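Novice: When you get a sec, could you give me coordinates for this:
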Amino acid sequence: MIGRDTGYIPMLQDYIQGHLRPLPPVKLLYTIRLDEEFHKNPEPTIYDIRVMVDDPLRAKLFPFIHNPGYASMLKEVAGLDDQLATLVQAVAASKAKHTFLSSMSADPANFIRQWLSSQKRDLEVIMGEASRGGGEDAAGDEWRRGGKDSVWVTQNARESVNVMLSKLPAHR
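Specialist: Modelled structure (predicted):
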């Protein structure tokens with residue numbers, strides 16, 4: 001692990017083993033009472049002592065975790081996770097395309113008018129000619145309104161927020 005930034009969870013014990021030291025022995029101070037008065041009516045004394053024991057599942061997990069195939073299986077799972085993320089993105093892109101085409105087929109003239117207006121605003125933003133996000137006045141009521149029909153629940157708003165958040169420095 002020395003000089004590396006990443007490691008595998010099953011190897012965690014191997015990574016930290018050299019840094020662990022045994023705990024000091026536990027010393028219990030006690031007094032043995034020999035006086036008769038105490039032994040005529042003795043009061044039981046109870047001590048709560050924590051005792052470290054090995055996890056009973058550890059012995060069962062040991063062969064599984066130290067199996068060399070386990071690390072390769074974790075890599076395979078990570079690869080499958082990446083493939084799943086790619087498929088989810090493809091489904092989202094297909095849904096966006098379906099929504100686009102469905103909206104266009106429902107009212108083509110109005111859709112093209114709104115789409116061209118949107119493209120014009122995007123071009124103004126890209127060219128740096130837009131005043132505050134594409135020429136619209138951000139002080140209008142539609143920017144203040146929340147809820148399911150607001151400007152803030154659109155796909156563009158979500159993507160813009162995600163882009164802004166991805167640009168923030170990561171806290172360590």
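Novice: Past the strand or helix carrying G79, which element shows up next along the chain?
Specialist: Assigned by DSSP states H and E, G79 belongs to helix 68-106. Remark: after helix 68-106, the chain's next helix or strand is helix 108-127, criterion DSSP H and E.
Novice: Now do that following helix and helix 68-106, the angle between them.
Specialist: 120 degrees (axes from the mean of the first three to the mean of the last three CA atoms, to 10 degrees).
Novice: helix, strand or coil for the closest residue to V153 other than its chain neighbours?
Specialist: The shortest distance from V153 to any residue other than its chain neighbours is 7.8 Å, reached at G147 (CB to CB, 6 or more residues apart in numbering). Quick note: C-beta positions are derived from backbone N, CA and C, even for glycine. The three-state assignment at G147 reads coil, by DSSP: H, G, I helix; E, B strand; the rest coil.
Novice: got the phi/psi numbers for G147?
Specialist: Dihedral pair for G147: phi 100, psi -180, per degrees, to the nearest 10.
Novice: Give me the neighbour count for it.
Specialist: G147 is flanked by 7 other residues according to other CB atoms under 10 Å.
Novice: could you check the angle helix 68-106 makes with the helix or strand hosting E159?
Specialist: Assigned by DSSP H and E, E159 belongs to helix 155-167. For helix 155-167 against helix 68-106, the angle by the same axes, to 10 degrees is 150 degrees.
Novice: Contacts for helix 155-167 next, please.
Specialist: The contact list for helix 155-167 (CB atoms under 8 Å, 6 or more residues apart in numbering) reads A96, V151.
Novice: Check which residues of it are buried.
Specialist: Under the neighbour-count criterion of 16 or more other CB atoms under 10 Å, helix 155-167 has nothing buried.
Novice: Equivalent analysis for stretch 106-125, please.
Specialist: F111.
Novice: quick one: average confidence on it?
Specialist: Averaging pLDDT along stretch 106-125 yields 87.
Novice: Could you report the pLDDT at the residue nearest to V153?
Specialist: 71.
Novice: what residue ranges in this protein are flagged as low confidence?
Specialist: 1-4, 130-145, 170-172 (pLDDT under 70).
Novice: For Q155, see how far away the residue lying farthest from the centre of it is.
Specialist: Distance from the centre of the chain peaks at E36, with 65.9 Å (CA atoms, centre = their mean). Separation of E36 from Q155 (CB to CB, to the nearest Å): 87 Å.
Novice: ok, now K97?
Specialist: From K97 to Q155 the distance is 12 Å (CB to CB).
Novice: Can you give the contact residues for stretch 65-81?
Specialist: With CB under 8 Å, 6+ apart, stretch 65-81 has contacts from Y8, I9, P10, M11, F64.
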